[in-house]
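Chemist: just to be clear, the model below is a prediction. Sequence and coordinates:
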Amino acid sequence: MSKHGRILVAMSGGVDSSVAAVMLHEQGYEVIGLTMKTWDYASSGTNSKETGCCSLDSINDARSLAVDYGFPHYILDIRDEFGDFVINNFVDEYLAGRTPNPCVLCNTHIKWEALLKRADKLDCEFIATGHYANIRLQDSGRYVISKGKDENKDQSYVLWGVSQQNLARTKFPLGSFAKSEIRQMALDMGQEAIATKSESYEICFVPDNDYRSFLRHRVEDLDQRVGPGNFILSNGQVVGTHQGYPFYTIGQRKGLGIALGQPMFVTSILPESNTVVLGTQDELKKHSALVRGLNLVKYESIPSPIEAVTKIRYKDAGCTSTIVEEDGLMKVEFTHAVSGIAPGQSAVFYEGNDLLGGGFLL
């Protein structure tokens, strides 16, 4: 009988999840490894070499590590669930003129649910992932996610949607370590190939990072359905023609194919009229935002205004703000103007290092 019980570890074949699995194994858990097949690149229409968490090489790396340390490893095919929910949402959001956040949806609705369902079948009390974040139980009875030690690798931003019920069974073994320490641990284990793997920051189902080609492949008649439209300024003046509104994102400056004598950015997307609004950097800035689809983590509710740091994108440093929950929305007032608030992206709220919760920008 193991010292701490049985735990199911999500293993992508990368250095983080590999070290997490070995770390738990050495702590006395009965580890079972699970690699989830979420996507196959042949479906994306890309010519890129298959890499990342769904590639055969990555699956083999995860299995090889499990064999080395003597614990079971399984592969779980969740391509249907992933495609139906995450990819369909990705396409629908762009067609609605918004910028989707597929990693958040995948964590919230696909990976955690799939892991826990399989954990129950395997009699595992806990699940674990290689995310750089921490989790603790408060006196209030609520589980709180906080930032990982390594500020450059902290992944709490993409975890705001995980429910209290699921957090209660979740472990983040890497939260108190820096990425450099994890790579060194892998080297010390003799796993040089895993330790020196490069990291991918691409969306797993858009391997060449070209979401426009992906949309065209996924929606066969997209160019006929949308077609060219007008670039306009905030005063309504038409200043050029674009390729179709789904191919642009808020804050975009490069690739507009238009010269107006000064740097111009996409400030708004109007899908109803297939119009893309351009403006200066000052016009891109806003002092407030509304956030929908809330999931609160640290507190059950936030009925009165409190001060928080709000991040509107993963690599955003965050801005001090006042937030208040009202009618199912979070109203955010920033202490200074924030650039590039993109509907569909996540807004995530922090109190110190603690994750208050998050939602999707309107």
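Modeler: Yes, it's here.
Chemist: hmm, residue 342 is touching residue 251, no?
Modeler: Yes: under the criterion of Cβ atoms under 8 Å, residue 342 is in contact with residue 251, at a separation of 6.5 Å. All C-beta spots, glycine's among them, are computed from the backbone N, C-alpha and C.
Chemist: tell me how far residue 145 lies from residue 173.
Modeler: Between residue 145 and residue 173 the distance is 14 Å, computed by Cβ to Cβ, to the nearest Å.
Chemist: give me the low-pLDDT residue ranges for the stretch 51-200 of the chain?
Modeler: Along the stretch 51-200 of the chain, segments meeting pLDDT under 70 span 51-54.
Chemist: need the helices for it, in chain order.
Modeler: Using DSSP state H, counting those that start in this stretch, the helices of the stretch 51-200 of the chain run over residues 56-69, 79-82, 88-95, 102-105, 112-121, 164-167, 179-188, 192-195.
Chemist: out of those helices, which is closest to residue 245?
Modeler: Shortest distance between residue 245 and these, using Cβ to Cβ, is found for helix 88-95: 8.8 Å.
Chemist: which strands and helices lie in contact with that closest one?
Modeler: Here helix 88-95 is seen to pack against helix 102-105, helix 211-218 when contacts are counted using 3 or more Cβ pairs under 8 Å, 6 or more residues apart in numbering; DSSP states H and E.
Chemist: okay, the ones you listed, which one's buried deepest?
Modeler: A comparison of those by mean neighbour count, using mean count of other Cβ atoms under 10 Å, puts helix 102-105 on top with a mean of 22.
Chemist: what sits against the residue most central in space within the chain?
Modeler: With distances taken as Cα atoms, centre = their mean, residue 103 lies nearest the centre of the chain, 3.0 Å away. Contacts were defined as Cβ atoms under 8 Å, 6 or more residues apart in numbering; by that measure residue 103 touches 158, 203.
Chemist: quick check: the gap between residue 75 and residue 127.
Modeler: Distance check for residue 75 against residue 127: by Cβ to Cβ, it reads 16 Å.
Chemist: higher neighbour count, those two?
Modeler: For residue 75 and residue 127, the more surrounded residue by other Cβ atoms under 10 Å is residue 127, and the numbers stand at 22 against 13.
Chemist: who's the more buried one bridged to?
Modeler: residue 8, residue 170 (DSSP bridges).
Chemist: list the residues that contact it.
Modeler: For residue 127, the contact set (Cβ under 8 Å, 6+ apart) comprises 7-10, 112, 115-116, 119, 169-171.
Chemist: nearest to residue 306 among those residues?
Modeler: For the contacts of residue 127, the nearest to residue 306 is residue 170 (25.7 Å; Cβ to Cβ).
Chemist: just give me the neighbour total for that closest one.
Modeler: The burial count assigned to residue 170 is 20, neighbours taken as other Cβ under 10 Å.
Chemist: how about residue 257?
Modeler: Number of residues near residue 257 (other Cβ under 10 Å) recorded here: 10.
Chemist: mind checking the SS state of it?
Modeler: Residue 257 carries the three-state label coil when classified by DSSP: H, G, I helix; E, B strand; the rest coil.
Chemist: how about residue 305, what does it touch?
Modeler: Applying Cβ under 8 Å, 6+ apart, we find residue 305 in contact with 322-324.
Chemist: with that, I have no additional questions.
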